[in-house]
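>>> okay, predicted coordinates and the sequence, questions at the end:
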Amino acid sequence: MANLHDIVEGVQDALGNLTPTPVILQSESTAHDLKKRLEWAEPALSIIDVRDREAFNQGRITGAMSMPMEQLDEMKSTLQPEHDIYIYAESDDRAHEAAEMLRAAGFKAVTHIVGGLDAWHEIGGPTEGVQEDGIPPEANAYNVVSRLKTEHDVQETGKAQHAN
C-alpha cells in the first residue's frame, strides 16, 4: 500500500497546480481576465466605472465603484495603491485615458477592460443596477426619508392586521 506522501504527490502530478497563477497586469485586459480573477475570489483588486453617475446607476459590473471621469482626479485618493485597478468606460479611449491618469498619479497596477460593460455582458459577467434588475426605481428610491416612512407604514399595517 502506498504511503500518503506518494498519493498526494501522484494527485499533484496528475492535476497540476490547482491554484491560480499570479496575474501580471497589462495595460489592457479582457472581460474574461477580470471574470477569472473574480471567480477565483482573488483579493486586492478594484473595479472602477468612469462613466457618468446616471450610466453607473443604470447598469454596472457587480462591485464596481463609480468615479466619473470628471471627478477621478479628486477621488483617486480613496483607492488603495497596492490593489490592481480595472477601469471601464463608455469607450476604450476614455477608459485608456482614465488608466493613464491614474498611472501618472503613481498607481502601478492599472488596466482598462477592452470593450467595457458590453464585453462584460457578452461573457455573462454579473451586473447590477436599475436596467440590469429590470425593475425601474420608484420616484422615492434614492430618498432615505421617504424609504423609512414607507417601511414604517408597512410595519404599522402589519401590526394592525395582526391585531385584528
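Nice, I can see it.
>>> what's the domain layout of this protein?
22-133, 137-164 (automatic domain parsing).
>>> so Pro68 touches Arg51, yeah?
Yes - Pro68 is in contact with Arg51 according to C-beta atoms under 8 Å; the separation is 6.9 Å. Quick note: C-beta positions are derived from backbone N, CA and C, even for glycine.
>>> returning to what we had before: so which of the domains of the chain is the most surrounded?
Highest mean neighbour count of the domains of the chain: domain 22-133, a mean of 17 (counted as mean count of other C-beta atoms under 10 Å).
>>> quick one: mean pLDDT over that domain.
Domain 22-133 shows an average pLDDT of 91 in the prediction.
>>> export the domains of the chain to JSON lines and tack on distance to Asp13?
Listed next are the domains of the chain as JSON lines, based on distance: least, C-beta to C-beta, whole Å:
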{"stretch": "domain 22-133", "distance to Asp13": "22"}
{"stretch": "domain 137-164", "distance to Asp13": "55"}
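>>> which stretches of this structure form strands?
28-29, 45-49, 60-61, 65-66, 84-88, 110-113, 127-128 (DSSP state E).
>>> for the fifth one, C-alpha coordinates in PDB please.
Extracted C-alpha coordinates of strand 84-88, given in PDB (Å, rounded to 0.1, in the frame of the first residue of the first chain):
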ATOM      1  CA  ASP A  84      -4.900  46.100  -9.100                       C
ATOM      2  CA  ILE A  85      -7.300  48.500 -10.700                       C
ATOM      3  CA  TYR A  86      -9.600  47.600 -13.500                       C
ATOM      4  CA  ILE A  87     -11.200  50.500 -15.300                       C
ATOM      5  CA  TYR A  88     -14.000  50.700 -17.900                       C
END
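>>> what is the orientation angle of that strand with strand 45-49?
Interaxial angle of strand 84-88 relative to strand 45-49 (axes from the mean of the first three to the mean of the last three C-alpha atoms, to 10 degrees): 20 degrees.
>>> distance from the chain centre to strand 84-88, please.
Taking C-alpha atoms, centre = their mean, to the nearest Å, one finds strand 84-88 lying 9 Å from the centre of the chain it belongs to.
>>> partner strands of that strand, with direction?
strand 45-49 (parallel), strand 110-113 (parallel) (DSSP bridges).
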